[in-house]
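> Need coordinates for the below:
(chains A and B)
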Number of protein chains: 2
Amino acid sequence: MLGAARRSALNIGVRVGARRTLKSVTSGIFSTKITRSNGGDRVRLYSSKVVPLTAETYADKVKWNPEFKKLDDEDIKYFTSVLNNANDIITDEQDLLFYNEDWMRKYKGQSQLVLKPRTTEQVLEIILYCNKNKLAVVPQGGNTGLVGGSVPVFDEIVLSLANMNKIRSFDDVSGILKCDAGLILENADNFLAENGYIFPLDLGAKGSCFVGGVVATNAGGLRLLRYGSLHGSVLGLEAVLPDGTIYNSMHSLRKDNTGYDLKQLLIGSEGTLGVITGVSILCPSRPQAVNVAFLAVSSYEAVQKVFVGARKELLEILSAFEFMDDKSQILTARHLGLEHPIESGQYPFYILIETSGSNKDHDDEKLETFLGNMMEEGLVDDGIIAQDETQLKSLWTWREAISEASTIGGGVYKYDVSIPLADLYSLVEDTSARLKEAGMVDIDDDSKPVVEAIGYGHVGDGNLHLNVSVREYSKAIEEVLEPFVYEWIQNKKGSISAEHGLGFQKKNYIGYSKSDVEIEMIKDIKNHYDPNGIMNPYKYV
Amino acid sequence: MLGAARRSALNIGVRVGARRTLKSVTSGIFSTKITRSNGGDRVRLYSSKVVPLTAETYADKVKWNPEFKKLDDEDIKYFTSVLNNANDIITDEQDLLFYNEDWMRKYKGQSQLVLKPRTTEQVLEIILYCNKNKLAVVPQGGNTGLVGGSVPVFDEIVLSLANMNKIRSFDDVSGILKCDAGLILENADNFLAENGYIFPLDLGAKGSCFVGGVVATNAGGLRLLRYGSLHGSVLGLEAVLPDGTIYNSMHSLRKDNTGYDLKQLLIGSEGTLGVITGVSILCPSRPQAVNVAFLAVSSYEAVQKVFVGARKELLEILSAFEFMDDKSQILTARHLGLEHPIESGQYPFYILIETSGSNKDHDDEKLETFLGNMMEEGLVDDGIIAQDETQLKSLWTWREAISEASTIGGGVYKYDVSIPLADLYSLVEDTSARLKEAGMVDIDDDSKPVVEAIGYGHVGDGNLHLNVSVREYSKAIEEVLEPFVYEWIQNKKGSISAEHGLGFQKKNYIGYSKSDVEIEMIKDIKNHYDPNGIMNPYKYV
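As a prediction, the model looks like this:
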C-alpha cells in the first residue's frame, strides 16, 4: 500500500465532505473524432509487406496430409451446382487473399477455393461432399481470430459463413435472439440495442467478427465479468457435422434438462467438429446508465487491491475491470497520435472501470464513493470519470486500441493467458527481461526486431494479454519467447489460452495446460465426430 | 391491464409524494418459528405408507437387464477390501431403505448394497470392478431428486458420495471454490457466507442435496435468474468414468480455451456417464443488501407485466422473480398451519421478488419506486416488503414450502417444464380442467384421489412447476396426466424437464422435447463412454 505522504502529491480534484469529485476530462482531449476501435477490422496501418506462407514458415512443424484429396475441376463443378450463384464461389487469387491471410498478417494459407453458402442445406451438401471425398475444410467467420485458426494452412477449402447473416427471430419478453452464424456481432448488438437488450459479449473486433465465430471460439471479451461465458448464455445451436447430421437445438427456452448438453462441445471447438450455422442466445436487458472511470495507480499490487475493492463495493453494477501497463499506453498514444488522458508514462499502471445499471444517480454515487475510498487508502493516484457518451467511448479507446497499436512495428506475438491474479503481471516483467537480455528490444531503435513487450487485460477474469510488438516475424524472436512463455504459465498452473483458443499457433502447446488424460479425451471426441479429420485440420489438438 | 376503478379498493398503505410505503408485515404473522424450508430434507409429514417397488409399479415399462451380474458374496468381499471400513458398506435391509426410496415416496429400488467411498481412488476401484463384472451402479448424492433418478430401479449398487464431503480449497480473491462432490449445498453456502461469497445456486433441498448432485443434474433453482446456469459457473470437475479414467479439470481459472469443454457433458448427465467426485465452481461476492417483496395480482397477464417491468427497472439488483397461484398458497397455509401474509384465496396470483445489491438505500429506493409504478399502473393489488431478516425468510417460506405442501395428501406428481412465458400458466388451467372432467379432484373430499393441481415457479426462467397433489399414486391418475401434459408441452415447443432432469420418470418422454437426431446423438455419447450401460441404468435415455 502507498504511504500517506504520497497522497499529498495527487491531482485529484475537489473534496466535498464524504464525496469527492474526480477531475473531469478536459473537452480538448476528447474533441477528436476517434470512435470505438475495431481491433478486428481489416485495417492495415503499419504493414504492407507480403505475409509469408504458413507452410513455409513452419515447414519443420507441419506437413501436408497426403490422405486429403487435391481440389480439382470436378469438385468445383459440383460446388457450383450446389451454390448456383457465381458470387458465392471465389477462385480469383487476389480475392482469395482476404480469406487466406489472418488479421495479424502472421499466417497465410494457400486455399484455391472459398465457398459462401446461403443456407444450412447448402452447408450440408458441401460438408457431405468434402467428407466423402476427403477434401479438407476451414469454416471461417469474420477472420478476426488471433491464433491462426480461421485461415487455411495448406490448400483447405474455406467455407465462409458471410452470406448467412440474418436475424432469425427475437423474443422481446425473454430476450432470446436466434440468428445465422454469419451475423456480424456489432449488427447483432445494434439490433438488440434498439430493442432494449444487449449482446452478452463484446470485443474489439465486433465490427468484423461473426456471432458464429465468437461461439465457435468461445470468445471472452469485455463483458464476461458481468454476463459470464458463452457456455452459460448460448441456449442452442444449429450445426452441420461431417457425417451429414444437422444438429439443431435452437430452442426458445432458458432451461432444458433433457439429455446431455451436446451444443457445449461445439462452443470453443474452433471448427474442428462441424460448422455452426445458427445460434440461439439469451441476451440481458440493456443497462440504462453506464459509467467509465480511467485510473492511474502506482503498482500492480494496487491494481489487485482496487479490483478486490471494486468487486465488493460496486458488486452488481461492475461490468468491466481492465488494466493496462504504461508501455501499452505509450504505444497506443503513438498509434492514435493523441495525448494520453492521464499523462502516459507517469504511472506504471492504468485501470478502466465500467459500471452498468438502471439508475444513473445511484451508480454515480456508488462509483464516486468507491473512488474516494480508494484514493483515501492511497491506492488510486489519479483518475477521470467520463462525463458523457463521447468521453466514455474515448476512454474505452485507450483500452481497445491496444491490440491494433501492438502492430505498430509491423507484427505482434500475442499470448492470451489465464494465471492466478497475484502472478498475472510477472509474466510481462519476466518476458521483457528475457528480450532485453537477448538484446532484441528497443521501442525507438528500428534496428532491433522487437518494439516492446506490453501487458494488459481482464483483471476480473484473471486474463492477461501479453503482446510482444515486433518489427518482423522471425524464428529468433519466437525461440526467445517459446516455449519460455508456455513453461512459465505451466509453472503457475495457468492456461496458455484464456480466450483466443488454440488454432494453429498453440496446437503443439496444449500439453502445457491440459493433462495427457484430457488430451486423449479431446482427441477421442475429435475422432468420434470427424474420423476423416477434414474439419479445420493441422490445428487445435 | 386492470382498470383505474379497481385501484380504489386496494389496501396498500400510505402514499408519500412519489414514494409509497407498502404495508409492513405485522410482527404477529412472523412470530412463529418457521425457518426456511428444506424441501429435500427427508421429512415425512403426511405419509407413512409403504412405498411400492418401482419394478412392480412399472412392470409394463421396465424389465431387469439380464446382461447385468447379480451381486454375490465375492463382490461384497471385494468391496470390503477396497473400503476397509465397516461403516462405509451398508447391507442391512432397514438401513438400505434410505437409499432405495426417493424423497417423493414414489419410487423404490431393491438394492442390497450401498457403498460410501472416502476417496476418488476408492471410487475408481469400485467403478472399474463394476464395469469389468457388469454390476450396475447408481451414483447417489443427497437423494433429493424429483424424477426417480437417484434411487435404483432393481438391484443396482448404490454408490453414495456422502463420505466425500470436504472443502478442498477456496481462493478469496477469485471466489473459486473446490470441493468434494458430497459436500452438502448449505454447508458450502455457509462456508462461503463466512468469506463474503455466495454459492451461485440455491434450492429448497439445500440442507440435504450435495454439490456434486446439483452439478450432475444441472439443477436450476432460485438464483439462476441472477447467476446463470451451472454450465457457466462450474469451472472444472473431477469424475471417474466407467473405463477407469479419472477425468480431472479442477483448474483455478475462470477462462481456459484449450480444447473441447468436456466437463459440460457431465453437467446434467445424471450419473449416466460417470461419477462426479469433485467440483470447482466460481462463486460471486455475497450481496450485502437483500430485499424481498411479496405481491398479490389479479391475473396471470399481470404477473407477466410485472416481470417485464421488474427486469427493466430492477435490472442489476433483481435476484429472484417467483410466482405462485392461489391454490399453492392455500395448500401451503394448511401445511404450515399459518395465516397467509396476504389473505390467501383472495387473489389468483402471488409474486415474490427478491433484490440483492451492495447498497441498501439504493435498493430500497429502486424497489419502492418500482412497486409504486406497478400499483399506479394497476398491476399490483396488494403487497408486503420484508422489514428484517426474519420476515424475509418467512416470506420465502411461502414459496419454498410449496414443494412439501404438495405432498399434503400423501403424494405428488411433479411436472417441471419450460414453456414460453405467455403460455406458462395455461398448462395448470388445462390440467385442472382435465382432472375435474375425470371427477378426480377435490381439495376437501378425501374420497377423491387428487387434492389439487397447483402451479408456481421461476417466471424469470420461463420455468413452471405443475404439482398435482394426490392422496395416492395410481395408474388411473397417471393416465389422465400422461402423456397429456407432455403432449401439451410439445405443442408449445417447451421442455418436459426444465431443471429436474429425466431420471426414471421422464426417460420415455424425452422425444417430446428432443428431436430424433438429438436423441440418437445422446445415445451415441452414452454408448461411447459407458458401452456396458452400467451407469444408472433404466433411466435418462
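> Where does pLDDT dip in chain A?
Applying pLDDT under 70 to chain A picks out residues A:1-49, A:344-345.
> Around A:Arg334, count how many other residues there are.
A:Arg334 has 14 neighbours, counted by other CB atoms under 10 Å in any protein chain shown. In this view, the C-beta of every residue, glycine as well, is placed from N, C-alpha and C.
> Let's verify it: helix, strand, or coil?
helix (DSSP: H, G, I helix; E, B strand; the rest coil).
> which residue packs closest to it, ignoring adjacent ones?
A:Ile408 (6.3 Å; CB to CB, 6 or more residues apart in numbering or on different chains).
> Roughly how far does the one you found sit from A:Arg226?
Relative to A:Arg226, A:Ile408 is positioned 31 Å away (CB to CB, to the nearest Å).
> again, but for A:Arg254
Distance from A:Arg254 to A:Arg226, by CB to CB: 18 Å.
> When the two are compared, which one has more neighbours?
Remark: of A:Arg254 and A:Arg226, A:Arg254 carries more neighbours, 25 against 22, as counted by other CB under 10 Å.
> buried ones in stretch A:307-317?
Using 16 or more other CB atoms under 10 Å in any protein chain shown as the test for burial, stretch A:307-317 gives A:307, A:309-311, A:313-317.
> Export the residues you listed as TSV, with columns for secondary structure.
Shown next, in TSV, are the buried residues of stretch A:307-317 (three-state DSSP):
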residue	secondary structure
A:Phe307	helix
A:Gly309	helix
A:Ala310	helix
A:Arg311	helix
A:Glu313	helix
A:Leu314	coil
A:Leu315	helix
A:Glu316	helix
A:Ile317	helix
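> Run through those and flag the ones next to chain B.
When contact is defined as CB under 8 Å from any CB of the partner chain, the buried residues of stretch A:307-317 meet chain B at A:311, A:313-317.
> would you list those in JSON lines and tack on distance to A:Pro483?
Formatted as JSON lines, these follow (distance: CB to CB, whole Å):
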{"residue": "A:Arg311", "distance to A:Pro483": "34"}
{"residue": "A:Glu313", "distance to A:Pro483": "41"}
{"residue": "A:Leu314", "distance to A:Pro483": "39"}
{"residue": "A:Leu315", "distance to A:Pro483": "40"}
{"residue": "A:Glu316", "distance to A:Pro483": "42"}
{"residue": "A:Ile317", "distance to A:Pro483": "41"}
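> Among those, which one sits closest to B:Gly501?
Nearest to B:Gly501 among those, counting by CB to CB, is A:Glu316 at 30.4 Å.
> Chain B contacts on the stretch 251-400 of chain A?
A:251-262, A:264-265, A:267-269, A:273, A:285, A:287-288, A:304, A:308, A:311-317, A:356-359, A:362, A:365-366.
> now do 7 Å
Applying CB under 7 Å from any CB of the partner chain, we find that the stretch 251-400 of chain A lies next to chain B at A:252-262, A:264-265, A:267-269, A:285, A:287, A:308, A:311-317, A:357-359, A:362, A:366.
> And the residue of the stretch 1-150 of chain A found nearest chain B, its phi and psi?
Per CB to the nearest CB, A:Val147 is where the stretch 1-150 of chain A lies closest to chain B, at 9.3 Å. In this entry, A:Val147 is assigned phi and psi values of phi -130, psi 20 (degrees, to the nearest 10).
> Show me what the helix or strand hosting A:Leu331 packs onto, helices and strands only.
Secondary structure assignment for A:Leu331, by DSSP states H and E: helix A:326-336. In terms of contacts (3 or more CB pairs under 7 Å, 6 or more residues apart in numbering or on different chains; DSSP states H and E), helix A:326-336 is packed against helix A:402-405, strand A:450-458.
> Point me to the residue of the stretch 151-300 of chain A nearest chain B.
Closest residue of the stretch 151-300 of chain A to chain B, CB to the nearest CB: A:Gly232 (2.2 Å).
> sorry, back to before: now the element after the helix holding A:Leu331, going C-ward?
For helix A:326-336, the following helix or strand on the C-terminal side (DSSP H and E) is strand A:349-357.
> Within range of chain B, give me the residues from the stretch 401-541 of chain A.
Residues of the stretch 401-541 of chain A lying close to chain B (CB under 7 Å from any CB) are A:418, A:420-421, A:461-463, A:493-502, A:510, A:513-515, A:517-518, A:521-522, A:525, A:528, A:541.
> Now the buried members of those residues.
Using 16+ other CB under 10 Å, the buried members of those are A:418, A:420-421, A:461-463, A:494-502, A:510, A:513-514, A:518, A:521-522, A:525, A:541.
> Select from those residues every entry located in strands.
Among those, DSSP state E puts A:418, A:463 in strands.
> biggest separation within the buried residues of stretch A:307-317, which pair?
Largest separation among the buried residues of stretch A:307-317 by CB to CB: A:Phe307 and A:Glu316, giving 15.9 Å.
> The nearest residue to A:Tyr509 once chain neighbours are set aside is in what secondary structure piece?
Distances taken as CB to CB, 6+ apart put A:Tyr486 closest to A:Tyr509, at 4.9 Å, once the chain neighbours are dropped. Using DSSP H and E, A:Tyr486 falls within helix A:484-491.
> Chain A - how does it break down into domains?
A:4-31+A:287-403, A:172-282, A:406-500 (automatic domain parsing).
> the strands in the stretch 51-200 of chain A, which residues?
A:89-90, A:114-115, A:137-140, A:157-160, A:167-171, A:176-180 (DSSP state E, counting those that start in this stretch).
> Pick the most buried one from the ones you listed.
Among these, strand A:137-140 has the highest mean neighbour count (mean count of other CB atoms under 10 Å in any protein chain shown), at a mean of 28.
> Contacts for it, please.
A:99, A:127, A:130, A:150-152, A:156-161, A:271, A:275, A:534-536 (CB atoms under 7 Å, 6 or more residues apart in numbering or on different chains).
> again, 8 Å this time
Outside strand A:137-140, the residues that touch it by CB atoms under 8 Å, 6 or more residues apart in numbering or on different chains are A:99, A:109, A:111, A:126-127, A:130, A:150-152, A:156-161, A:213, A:216, A:271, A:275-276, A:534-536.
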